[in-house]
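Undergrad: Got a sequence here, can you build the structure:
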Amino acid sequence: MEKNGGGGATAASSTAMTGEDRANMMRKRQEDDMRAKLRAFLLSLIGTLPIMLITMVLGYIPAAKEVLMSTVAPGLTLEALLLWILATPVQFGSGWPFYRSSYHNLKNRMLGMDVLVAMGTSTAYFYSVGLISKGIHDKVPEMHGAHFFETSAVLISFVLLGKWLQTRAVRKTSSALEKLMGLAPKTALLVTPENPKSKEFDPLVDEYTEKEVSVDSIESGDIVKIIRGMSVPADGMLLAGELSVVESMITGEPMPVYKSQGSKMIGGTIVAEGTGFMIVKNVGRDTALSKICRMVEEAAASQAPIQQYADKVSSVFVPIVVIISILTFVMWVSLCSAGTVPEEWLGDNLCVTF
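TA: I've put the predicted structure just below:
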């Protein structure tokens, strides 16, 4: 039998497909983002791990240290050259997202943590470059300046690791959304009374036909049959029959819930025992399951309150840190220039290299 109101069914199907497509697009976007973050972290390790090996292991082995301290050019040691070569792609390749984010943040007059990372790593990198350049100019190797390359590379790698872990956590949260959407049944047993003019349908008395249809084609007011092992296709009210329904996936109730005539039915729950007939009340986006899915999706896409608070704190924290750093540098150089700092503190170092 053909049903009237096919346009409504088409609209419901379109809405349901749109929600499913949106979830699939979100999953693909998150998986691509997670792979990109992991790839960026692993690429940074190509430079960071050798840098850590040179500074933390080989530098304490006499034979290896002797080789590293050998000069490859006037004022330039092999160690400084290797660290410079290894740190440069990490700083400007793996660290490029921080520069790009900092540019947009500064353009919008915002100071986030990416600005602090970009400034801190750039300071360490260019400080090392400056000391090495000075050593080459004076033809006297700078023995410790190159070690600041380690600071910039390790910091970038650790921050990239944190971003990957954060993206991975978001992906796990979205997996819960997909499991919720998987509870929605695909088909329903549509019941059509032989005498549609009857005011009240009684399956024990009235004759009817049943047909398995797509759940997207049912509308509010339709009558569907639900049997043992079947998922309830939509929200509605039980017209006839007695059921035992598992609602743990929606309400958290571990024990099956007894349903009788007039009981509310929740779409996505599973009939454990019995057979019944229900009238559909809410379909598509209006069902309780769809509303829960939307809430989970919105929660995954939005910032947590603690993250919003952290952003507000960083907008004040970053400029304060920058100001304190500049004041500390100016005060230290001023004290050194004035001769206030004891010479034994400095040794062979200059004020800016101490």
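Undergrad: If I look at G112, what pLDDT would I see?
TA: For G112, the pLDDT comes out at 78.
Undergrad: whoops, I mixed them up, E2
TA: Predicted confidence (pLDDT) for E2: 39.
Undergrad: now swap in D222 and tell me
TA: So, for D222, pLDDT stands at 89.
Undergrad: What of A16?
TA: pLDDT, A16: 42.
Undergrad: ditto for T353
TA: T353 is assigned 58 on the pLDDT scale.
Undergrad: And L38, by the same measure?
TA: 94.
Undergrad: does it really touch W164, like I thought?
TA: Yes. Using Cβ atoms under 8 Å, L38 is in contact with W164, at 5.1 Å. (C-beta placed from N, C-alpha, C; glycine too.)
Undergrad: Compare these two (neighbour count), which wins?
TA: W164 (20 against 17; other Cβ atoms under 10 Å).
Undergrad: what about the residue nearest to the more buried one when sequence neighbours are not counted, which SS state?
TA: Excluding its sequence neighbours, the residue lying closest to W164 (Cβ to Cβ, 6 or more residues apart in numbering) is K37, at 4.0 Å. When classified by DSSP: H, G, I helix; E, B strand; the rest coil, K37 comes out as helix.
Undergrad: Now for K37, how many residues are close by?
TA: Neighbours of K37 (other Cβ under 10 Å): 20.
Undergrad: what sits against it?
TA: Contact analysis of K37 by Cβ atoms under 8 Å, 6 or more residues apart in numbering lists L160, K163, W164, T167.
Undergrad: okay if I get those residues as TSV plus distance to E253 and pLDDT?
TA: Below are the contacts of K37 laid out as TSV (distance: Cβ to Cβ, whole Å; pLDDT from 0 to 100):
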residue	distance to E253	pLDDT
L160	43	95
K163	39	91
W164	38	93
T167	34	86
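Undergrad: quick one: which of those residues has the most company?
TA: For the contacts of K37, neighbours tallied by other Cβ under 10 Å; top is L160, 26 neighbours.
Undergrad: Looking at the contacts of K37, which are in strands?
TA: Assigned to strands by DSSP state E, none of those qualify.
Undergrad: Please enumerate the strands of the stretch 1-150 of the chain.
TA: For the stretch 1-150 of the chain, the strands defined by DSSP state E, counting those that start in this stretch occupy 71-73, 76-77.
Undergrad: I misspoke; the intended subject was the stretch 201-350 of the chain.
TA: Going by DSSP E, counting those that start in this stretch, the stretch 201-350 of the chain shows strands at 208-214, 223-226, 235-246, 257-259, 264-265, 270-282.
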